[in-house]
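Asker: here is a sequence together with a model predicted from it:
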Amino acid sequence: MSAYTVKNLKQVENSALKFGLAPELEARFASASLELERAGLSYQHLAPNFRTPFGHRHKEQEEIYILVEGSGRMKLGDEVVELQRWDAVRVASDTARAFEAGPEGATLIAFGAPGPNSADAEPIPDWWSAS
């Protein structure tokens, strides 16, 4: 592995395509492309008023989300939190979470610190309607 890696996040594969969520969602998970060993990074863009159709939580991984453009809401456990540009949200591993874009859409950068099992995400179907 090299001493550093440079990757344009818009050149990372859009995983939303293979799950039928594009064009409303763009989700680019850059950990492998950046050769990350103990961190996770993703770029996510949601179309105006788009709500992710599922939530998720982790067994080990704490995450930080930064809203870099637009506005939106995050459902965190049983609470819904309004977010605006440059808000940062830390989410504990076992807290279920999902995002909904505001009227102008939303762009997020998410950082994580996965443990030895980097695939520890647990999807939660119909998360928004589960409350």
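Answerer: Structure received.

Asker: elements contacting the helix or strand encompassing E26?
Answerer: Using DSSP states H and E, E26 maps to strand 25-29. Helices and strands touching strand 25-29, by 3 or more Cβ pairs under 8 Å, 6 or more residues apart in numbering; DSSP states H and E, are strand 40-46. (C-beta placed from N, C-alpha, C; glycine too.)

Asker: got the phi/psi numbers for the residue nearest in space to the middle of the chain?
Answerer: In the chain, the residue lying closest to the centroid (Cα atoms, centre = their mean) is A110, at 5.2 Å. Main-chain dihedrals, A110, degrees, to the nearest 10: phi -120, psi 130.

Asker: so it bridges to which residues?
Answerer: On the basis of DSSP bridges, A110 is bridged to S42, Y65.

Asker: E26: how many residues sit nearby?
Answerer: 18 (other Cβ atoms under 10 Å).

Asker: residues in contact with it?
Answerer: 14, 16, 43-46 (Cβ atoms under 8 Å, 6 or more residues apart in numbering).

Asker: in terms of pLDDT, where does the closest residue to I64 other than its chain neighbours sit?
Answerer: In this structure, I64 finds its nearest non-sequential neighbour in F111, 4.6 Å apart by Cβ to Cβ, 6 or more residues apart in numbering. Reported pLDDT at F111 in the predicted model: 95.

Asker: contacting residues around F111?
Answerer: Residues near F111 by Cβ under 8 Å, 6+ apart: 39-41, 63-64, 66.

Asker: any low-confidence regions in this protein?
Answerer: Applying pLDDT under 70 to the chain picks out residues 115-118, 130-131.

Asker: break down it into its strands, ranges please.
Answerer: Along the chain, counting by DSSP state E, strands occupy 25-29, 40-46, 54-58, 63-76, 79-84, 88-91, 97-112, 121-125.

Asker: for those strands, which one sits closest to V6?
Answerer: With Cβ to Cβ as the measure, strand 40-46 is the member of the strands of the chain nearest V6 (13.0 Å).
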